[in-house]
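# quick one: sequence plus predicted model below, questions after.
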2 protein chains.
Amino acid sequence: MFENKDKTEIDKLGEFGLINYLTKNIEINNLSTLKGVGDDAAVLNFEGKKTLISTDLLLDGIHFDLAYTPLKHLGYKAIQVNLSDIYAMNGTATQVTVSLGFSSKFPLEAVEELYEGMMLACKKYNVDIVGGDTTSSRQGLVISVTSIGYADEQEICYRNTANEGDLICVSGDLGGAYLGLQLLEREKQIFLENPKIQPDLEGKDYIVERQLKPEARRDIVLLLKDLKVKPTAMIDISDGLSSEVIHICVGSEKGCNLYEDKIPLDPMTYETAREFNLDPTVCALSGGEDYELLFTVAQSDYPKIQNNPDITVIGHITDKASGMNLISKSGAVHPLKAQGWNSFK
Amino acid sequence: MFENKDKTEIDKLGEFGLINYLTKNIEINNLSTLKGVGDDAAVLNFEGKKTLISTDLLLDGIHFDLAYTPLKHLGYKAIQVNLSDIYAMNGTATQVTVSLGFSSKFPLEAVEELYEGMMLACKKYNVDIVGGDTTSSRQGLVISVTSIGYADEQEICYRNTANEGDLICVSGDLGGAYLGLQLLEREKQIFLENPKIQPDLEGKDYIVERQLKPEARRDIVLLLKDLKVKPTAMIDISDGLSSEVIHICVGSEKGCNLYEDKIPLDPMTYETAREFNLDPTVCALSGGEDYELLFTVAQSDYPKIQNNPDITVIGHITDKASGMNLISKSGAVHPLKAQGWNSFK
């Protein structure tokens, strides 16, 4: 990916040199950042608010494949995936810390590209990079991001507070990120078998982008505030709809009815699933990485959301004894199963 | 290390099962923890205080060697190393998030032992584990810890606020962790050449423990509060005294005189350095991993600290033009050089 560029060897810069180099363009945009990069710890001010903290670890060969993931996209995604957790609490994300581990053979330009993607995501979402760690690894790239934000206590949405009768809603559409991944994996295999064949992703931009460059749904958090709807429970969809609905139901000690025909699918997701002989519904239920928001609202809030193109009601919360069910298009009732991604399999 | 124990395969537990298993014994002890493990983000309350955040990434083969590092010690150290950064801000550490990446071939008992060490450190320092991430890695162990704490704004000690004439102080003694590492590395080599020879660490407990099981100096932060001494600048010694003194001087735009004969060395550190034909002063200046606190105080505070066995005055801050100097035992003046650890070399 970098063969046409000059390579700068990182061992000549050293760890502090590298940190200085990477962080020199960081801007601080949040009043809550009193001190960012450059001391033992960042100093933040959340006067009158509650502090939200979330963290994710992304590992080479497990969470991403550098064969088809541009580093700038990877940096962008690493931030989005984390911010998504703060939005899922109905909070405002304000800071991140970023730790990177990579082989000393990694050219500086590669690290820089990764960092550029991170900074781009932070800028777009008005988030400050306030710290981190940079180290060599024996092999492979390691990315650890911790995101920090705030919320008024009464605004925070937990995942275990859904009530019987609440409507189950989801933002955007589902399954696209998973099918984007299937496409990228297929093209990688074809390329490995015959490097002369160029990847064919023609017309598939949307789902490829869903996989490589997801957007955390800050807009939905802001929209719900505008609509004066406070979700009764909320979670982001990282492991697949089914797994996340189960989190809400089990946490809230409730059941649910989810309607297959309501699950929002983009036409490209649907068509691509068919191409791969996959059930589009299963892709939405178990695919994961969509980073949409799944939330429950009181029925009385239905008029406020019913005509919104970004929000779909896909079911409702029932009592615990009724179980967690998926009602198929034919009306058959299936128990909902968590078949989301398990990195240990 | 685990050959006599039953092995539980992690892939059977799955990621959520593993997280539940590991976190089932977590206790919440801080009032500032409103919500810990179990949602998209932790919710913390630092009403009236400033929030402090620091993060470190520890990688197998770079920061630790599993050949001679018991996992419980490693877990303990991973927490200490991070808390040390909060104490270095003169703050109170209250929470950590812990992310782990390891091969699916790692037995559950190994992960449990690592986690036990982390929980032990947290319990001892009254810190809550409030979140994290657990994932498989292609190989090797990845540990990422983010520590969170608080301080009154006027109590926070930055590293760039030392004044001319201030005394440079250090807690405890230096160089031990580095010599502990040399010992462990030597015994590992001997063992690799002849596995029948048992490691000879007889009588070297102190320096081996300095390497494997360091203690962050919360006691010094509390002591200074008791003595009503607020350091003018503070940093923890992770990369070696020399590198940290330079951080304070460069950040504060000052110089310094450091006196070789004042640098506190434990007799075992001194003897072991000699055994290895190393200069004990160089071990203290460049060895790193001591996790002592380096701080500057106004001269007027000298009477409050002068007789304290845990604090040694090792020099003073000068103007920038005078440079950063080490005055040797013979009275010769050497410019101070940062030769701390660089993971990229």
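On my side now, so go ahead.
# can you give me the strands for chain A?
A:33-35, A:42-44, A:50-59, A:92-102, A:128-136, A:142-151, A:167-171, A:233-236, A:254-259, A:293-297, A:311-319, A:324-327, A:333-335 (DSSP state E).
# low-confidence ranges, chain A, go.
Low-confidence segments of chain A (pLDDT under 70): A:1-11, A:15-16, A:340-345.
# quick one, domains of chain A?
A:10-155, A:167-335 (automatic domain parsing).
# could you measure from the residue most central in space within chain A over to residue A:210?
Computing the C-alpha centroid of chain A and ranking residues by Cα atoms, centre = their mean puts residue A:81 first, at 3.2 Å. Here residue A:81 is placed at a distance of 13 Å from residue A:210 (Cβ to Cβ, to the nearest Å). Heads up, the C-betas are built off the backbone N, CA and C, glycines and all.
# who in the stretch 101-250 of chain A is up against chain B?
Selection of the stretch 101-250 of chain A residues close to chain B by Cβ under 8 Å from any Cβ of the partner chain yields A:101, A:104, A:130-133, A:135-140, A:142, A:144, A:146-149, A:151, A:153, A:156, A:158-160, A:234-236.
# drop anything exposed from those.
The neighbour-count criterion (16 or more other Cβ atoms under 10 Å in any protein chain shown) marks A:101, A:104, A:130-133, A:135-137, A:139-140, A:142, A:144, A:146-149, A:151, A:156, A:158-160, A:234-236 among those as buried.
# now do the helices in the stretch 51-200 of chain A.
A:71-87, A:108-124, A:176-193 (DSSP state H, counting those that start in this stretch).
# burial measure for the residue nearest to residue A:221 when sequence neighbours are not counted, as a count.
Distances taken as Cβ to Cβ, 6 or more residues apart in numbering or on different chains place residue A:87 nearest to residue A:221, at 4.9 Å, with adjacent residues excluded. Using other Cβ atoms under 10 Å in any protein chain shown, residue A:87 has 30 other residues around it.
# tell me which residue of the stretch 101-250 of chain A lies closest to chain B.
Closest to chain B within the stretch 101-250 of chain A is residue A:144: 3.8 Å, counting by Cβ to the nearest Cβ.
# list the contacts of that residue.
Residue A:144 makes contacts with A:55-58, A:98-100, A:133, B:55, B:57, B:99, B:142, B:144, as judged by Cβ atoms under 8 Å, 6 or more residues apart in numbering or on different chains.
# partners of it in the sheet?
Beta-bridge pairing of residue A:144 under DSSP bridges involves residue A:57, residue A:99.
# against residue A:33, how distant is the residue nearest to residue A:221?
In terms of Cβ to Cβ, residue A:87 sits 19 Å off from residue A:33.
# same check, this time on residue A:181
Residue A:181 is 35 Å from residue A:33, by Cβ to Cβ.
# likewise residue A:160?
Using Cβ to Cβ, we find residue A:160 at a distance of 31 Å from residue A:33.
# what do you get for residue A:270?
Distance, residue A:270 to residue A:33, using Cβ to Cβ: 43 Å.
# can you count the residues close to residue A:69?
19.
# same thing with residue A:316?
Neighbours of residue A:316 (other Cβ under 10 Å): 19.
# got it, and residue A:247?
Residue A:247 - counted by other Cβ under 10 Å - has 22 other residues nearby.
# residue A:83 now?
29.
# now do the contacts for it.
Per Cβ under 8 Å, 6+ apart, neighbours of residue A:83: A:93, A:96, A:121, A:125, A:127, A:147, A:216, A:218.
# repeat that for 7 Å
A:93, A:125, A:127, A:147, A:216 (Cβ atoms under 7 Å, 6 or more residues apart in numbering or on different chains).
# against residue A:52, how distant is it?
11 Å.
# equivalent analysis for residue A:31, please.
17 Å.
# higher neighbour count, those two?
For residue A:31 versus residue A:52, neighbours defined as other Cβ under 10 Å are more numerous around residue A:52 (30 against 9).
# which residues does that one bridge with?
residue A:149, residue B:43.
# ok, it touching residue A:151?
Yes. Using Cβ atoms under 7 Å, residue A:52 is in contact with residue A:151, at 6.1 Å.
# so what sits against both of the two?
A:89, A:91.
# run a quick neighbour tally on the residue lying closest to residue A:100 once chain neighbours are set aside.
Leaving aside its chain neighbours, residue A:100 sits nearest to residue A:134 (5.3 Å; criterion: Cβ to Cβ, 6+ apart). By other Cβ under 10 Å, the residues close to residue A:134 number 22.
# can you tell me how far residue A:134 is from residue B:166?
Counting by Cβ to Cβ - residue A:134 and residue B:166 are separated by 30 Å.
# residue A:259 pairs with what?
Residues in beta-bridge contact with residue A:259 (DSSP bridges): residue A:327.
# that one and residue A:292, how far apart?
Taking Cβ to Cβ, one finds residue A:259 at 17 Å from residue A:292.
# could you do residue A:169 as well?
For residue A:169 relative to residue A:292 (Cβ to Cβ), the value is 10 Å.
# residue A:23 too?
32 Å.
# more neighbours: those two, which one.
residue A:292 (29 against 18).
# for the more buried one, give me its contacts.
So residue A:292 contacts A:170-172, A:174, A:217, A:237 (Cβ under 7 Å, 6+ apart).
# between these, which is closest to residue B:319?
residue A:217 (53.7 Å; Cβ to Cβ).
# ok, the closest one - contacts?
Contact analysis of residue A:217 by Cβ under 7 Å, 6+ apart lists A:87, A:171-172, A:292-293.
# same thing but 6 Å
A:87, A:171, A:293 (Cβ atoms under 6 Å, 6 or more residues apart in numbering or on different chains).
# just the buried positions in stretch A:18-26, please.
A:18-19, A:21-23, A:26.
# what's the burial count for residue A:114?
Neighbours of residue A:114 using other Cβ under 10 Å come to 25.
# returning to that earlier point: count the neighbours of the closest residue to the residue nearest to the centre of chain A other than its chain neighbours for me.
Spatial nearest neighbour of residue A:81, chain neighbours left out: residue A:56 (5.7 Å); criterion: Cβ to Cβ, 6+ apart. By the criterion of other Cβ under 10 Å, residue A:56 has 23 neighbours.
# gap between residue A:56 and residue A:312?
26 Å.
# next: residue A:200.
31 Å.
# try residue A:216
For residue A:216, the distance to residue A:312 equals 18 Å [Cβ to Cβ].
# those two: who's more crowded?
residue A:216 (27 against 18).
# next, give phi and psi for that one.
Torsion angles at residue A:216 (phi, psi; degrees, to the nearest 10) stand at phi -70, psi 150.
# surely it meets residue A:81?
No. Applying Cβ atoms under 6 Å, one finds residue A:216 not in contact with residue A:81, separated by 7.6 Å.
# list residues touching both of residue A:83 and residue A:52?
Joint contacts of residue A:83 and residue A:52 (Cβ under 6 Å, 6+ apart) do not exist.
# for residue A:245, give me its contacts.
No contacts exist for residue A:245 under Cβ under 6 Å, 6+ apart.
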